[in-house]
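Enquirer: Take a look and give me a structure for this.
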Amino acid sequence: MNSSFSALKEFSPLLKLLSLLILSLIGLIVFMVLGVIVVLPFYGSEIFDFVMGSGDTTSPIHINIMKYLQILSHFGFFIMPAIFFAHIFESGFKSFFFFIRTVRWNLIFLGALLLLFQLPVVNYLAYINSLIVFPESMKAVEEWMRITENEAEKIILLFLDNPSVLSLIVNLFMIAIIPAIGEELIFRGILLRLLKRWWGNIHLAVLMSAIIFSIIHFQFYGFLPRVFLGIILGYLFVWTGSLWVPIVAHFVNNASAVLVGHFYFKGDFPVKIDEFGNFNNEPVLLVFLTFIAALSIVGFWFANKKTSQFYNNIGK
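Expert: Numbers count the residues shown, from 1 in each chain. All right, here's what the predicted structure looks like:
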């Protein structure tokens, strides 16, 4: 099988990037179409009402449909294309994504902890992002972006506003596990490395993969914090040579938001999602926590300096 794809493995980084995009679009279409067909006997006209944008979008049936399609879209757009790409264009899934290497659990734990340390910085960047005002000629675009952002936030709140344990498990799977695996396979495992091959500059590759990571979420008012998170996740991969480190860190970041939202709606937690780790109104504490966040990054880099794959293997 590998020999039949030998010519594809010699594609340039640009052609591989275009091929990855095509695989993702095909995967998304196939998974969504097949997914709708599979649930037709269970939901019937309800799923057509949802697709057409009619009916009560806050009803439990429509919320379940949204969750189902969200999971399918991640499998179709991220996970399956990454698997096919590794087998068709590279050396295979395990070897290409470095999964054959020994896992250093202390690095995985420290990577997740490092990302949590960045939460005050992420929240402050979100605040800065919210202050961006478009020129008068682009007011219609700004209004559309704000409406889109508000709608996306409402959907997330609908997902979280359910006190059942089953709902929590589904939300963790949908919002934390699947995106952590799929997005890290695509953005750090493939995109970052292809950009490094193309440009020969690891720092530019980390930055650009982070920007694309943020753009693909189609939420302008979360653009800056997602770019920052993408940069941190990129360097976690580069400094450790293990994709498990950013995957687990990504999972912890998303899972913490799910858990905070779940227990807040249950009435067991006094802080809202957007207030968790938010110190924007306490400038002295914010500066101190930002300093701690910076120290954690420097410390993590220094701890991995000797064994880093920084320039050697990441772009291969």
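
Enquirer: after the lowest-mean-pLDDT helix or strand in the chain comes which helix or strand?
Expert: Least confident helix or strand of the chain, by mean pLDDT, DSSP states H and E, is helix 45-51 with a mean of 72. Using DSSP states H and E, the helix or strand that follows helix 45-51 in sequence is helix 60-74.

Enquirer: Mind listing what's buried along that following helix?
Expert: For helix 60-74, a neighbour-count test (16 or more other Cβ atoms under 10 Å) marks H62, I63, N64, I65, M66, K67, Y68, L69, I71, L72, S73, H74 as buried. Just so you know, the C-beta spots here come from the backbone N, C-alpha and C atoms, and that holds for glycine as well.

Enquirer: so the first one touches F50, yeah?
Expert: Yes - with the criterion set as Cβ atoms under 8 Å, H62 and F50 qualify as a contacting pair; they are 5.4 Å apart.

Enquirer: Report the secondary structure element holding E183.
Expert: Assessed by DSSP H and E, E183 sits inside helix 178-183.

Enquirer: Please list the outside residues in contact with that helix.
Expert: Residues from elsewhere that reach helix 178-183 (Cβ atoms under 8 Å, 6 or more residues apart in numbering): 71, 74-75, 77-79, 82, 213, 247-248, 250-251, 254.

Enquirer: What sits closest to G35 if chain neighbours are left out?
Expert: L72 (4.2 Å; Cβ to Cβ, 6 or more residues apart in numbering).

Enquirer: roughly how far apart are the one you found and V33?
Expert: Using Cβ to Cβ, to the nearest Å, L72 is found at 10 Å from V33.

Enquirer: again with L224
Expert: Counting by Cβ to Cβ, the gap from L224 to V33 is 35 Å.

Enquirer: Give the buried residues for the least confident helix or strand of the chain.
Expert: By neighbour count with 16+ other Cβ under 10 Å, helix 45-51 contains the buried residues E46, I47, D49, F50.
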